[in-house]
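Visitor: Generate coordinates for the sequence data below:
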Amino acid sequence: MLSERQQRILSLVVESYLDSGRPVGSKIIAERPDVEWSPSTVRAELAELERAGYLNHPHTSAGRVPTDAGYRFYADSLLASGPRVLTAVGPRLDVGQMRREVDEAMRETTAELSRMTDLLALATAPPPATAHIHRVEVLQLQPRVVMVVVIASNGAVTKRVFTFDEALDPGLVKWASSYLNERMSGLGLGSRMIANRLADSELGASEAGFIAEIDDAFTGLEERAEADLYVEGAARLLSEDHAADLPHADALMRGLERRANLLQVLRSALEERSVFLWIGDENPAPELRSVSVVGANYGLGYRNLGTVGVVGPLRMDYATAIDSVRDAAGRLSRFFETVYEG
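Guide: Take a look at the predicted model:
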């Protein structure tokens, strides 16, 4: 258990290192106007913090740098202090003004989050199991060919093309779009009620026959409507500003290219209720253990739908990352309230 003085000194070391990127000596801490301890006291506490595993000597110099445990202590103290008022460069995220389509909302969110933090941003769309049918379109491509498009509330789109033996009445095709939206909208992608909703004993023979011909468009929707992973800002992460802090950049980028693995890793955090951090070796994926991940889940009041976060070097601006990720998750939550419940 760290004393209050040790906690304060550790926080000052981390903040100084995050700001300068240079090892922090006792003189730098002791000469601060808000520090009341002598250089000898600071040196003694730094030595204790190093023995406890929070700091490390990178070279033979007297300066120290944070270890993963030091970053973890600092990040936890930021989380405990609660949200700050964001002062990020540029406008804050405004998902409410985006188009209703989920794909654009997710892309806009990751792009803005990357710009606000100068890091790589990523987000997962809601998994198919949480989605419902948002809209159905029946389009006549040729006199005997129609395409049924099912748009899910998580932004997934599935298409099926059907060819008939005879030319179709355009009025019948138009009716089908209206009928299917009325009957199917709001149903879960894997709902057992889909088959019952398609059938209606009051339909005429031509209408019932047409619906029966295209009912395959609504089977297996949950399997076909794959959720996506959105990534933005690789160039920012690999810029000269971060190069010195990313000694394993090639391995990191190879890991990020394995989208299925990354998606699985992010899904493993869906049960987290607030901002979470994986620092260095804490990362569940080996390829991420040279960096830090700051993430938060978004969703509805009763369930999380997806994750949004940033990937950056261990020496990152954790305060801005935490606040920006928290803000993005909150705005995505409000956006999906309109999509799922609007």
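Visitor: Show me the residue at the heart of the chain, geometrically.
Guide: Val308 (1.7 Å; CA atoms, centre = their mean).
Visitor: which residue packs closest to that residue, ignoring adjacent ones?
Guide: Ala123 (4.2 Å; CB to CB, 6 or more residues apart in numbering). Quick note: C-beta positions are derived from backbone N, CA and C, even for glycine.
Visitor: That neighbour contacts Asp103, correct?
Guide: No: if you go by CB atoms under 8 Å, Ala123 and Asp103 don't touch, sitting 11.2 Å apart.
Visitor: Pick out whichever of these two has more residues nearby.
Guide: Using other CB atoms under 10 Å as the criterion, Ala123 and Asp103 rank with Ala123 on top: 26 against 15.
Visitor: give the contact list for that one.
Guide: Neighbouring residues of Ala123 by CB atoms under 8 Å, 6 or more residues apart in numbering: 106, 109-110, 113, 229-230, 306-309, 328, 332.
Visitor: wait, which of the residues you listed is closest to Ser77?
Guide: Looking at the contacts of Ala123 and their distance to Ser77, the nearest is Gly309, at 19.4 Å (CB to CB).
Visitor: Next, the closest one: phi, psi?
Guide: phi -170, psi -180 (degrees, to the nearest 10).
Visitor: Number of residues surrounding it?
Guide: By other CB under 10 Å, neighbour count at Gly309 equals 30.
Visitor: Likewise for the one 10 residues further on?
Guide: Other residues near Ala319 number 15, with proximity taken as other CB under 10 Å.
Visitor: Distance of it relative to Arg72?
Guide: Per CB to CB, to the nearest Å, Ala319 is found 15 Å from Arg72.
Visitor: same deal with Ser16?
Guide: From Ser16 over to Arg72 (counting by CB to CB), the distance is 17 Å.
Visitor: Redo the contacts of Ala123 as CSV? Include secondary structure and distance to Leu79.
Guide: Converted to CSV, these look like this (DSSP: H, G, I helix; E, B strand; the rest coil; distance: CB to CB, whole Å):
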residue, secondary structure, distance to Leu79
Met106, helix, 25
Thr109, helix, 21
Thr110, helix, 22
Leu113, helix, 18
Leu229, strand, 25
Tyr230, strand, 24
Gly306, strand, 20
Thr307, strand, 16
Val308, strand, 16
Gly309, strand, 14
Ala328, helix, 16
Leu332, helix, 19
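Visitor: tally of neighbours for Leu252?
Guide: Neighbours around Leu252, by other CB under 10 Å: 22.
Visitor: Now name the helix or strand holding it.
Guide: helix 249-257 (DSSP states H and E).
Visitor: tell me which residues of that helix are tucked away?
Guide: By neighbour count on 16 or more other CB atoms under 10 Å, the buried set for helix 249-257 is 249, 252, 255-256.
Visitor: Which strands or helices does that helix pack on?
Guide: Applying 3 or more CB pairs under 8 Å, 6 or more residues apart in numbering; DSSP states H and E, one finds that helix 249-257 contacts helix 259-267.
Visitor: residues making contact with the helix it packs on?
Guide: Here helix 259-267 has contacts from 122, 124, 127, 227, 229, 231, 255-256, 283-285, 288, 295, 307, 309, using CB under 8 Å, 6+ apart.
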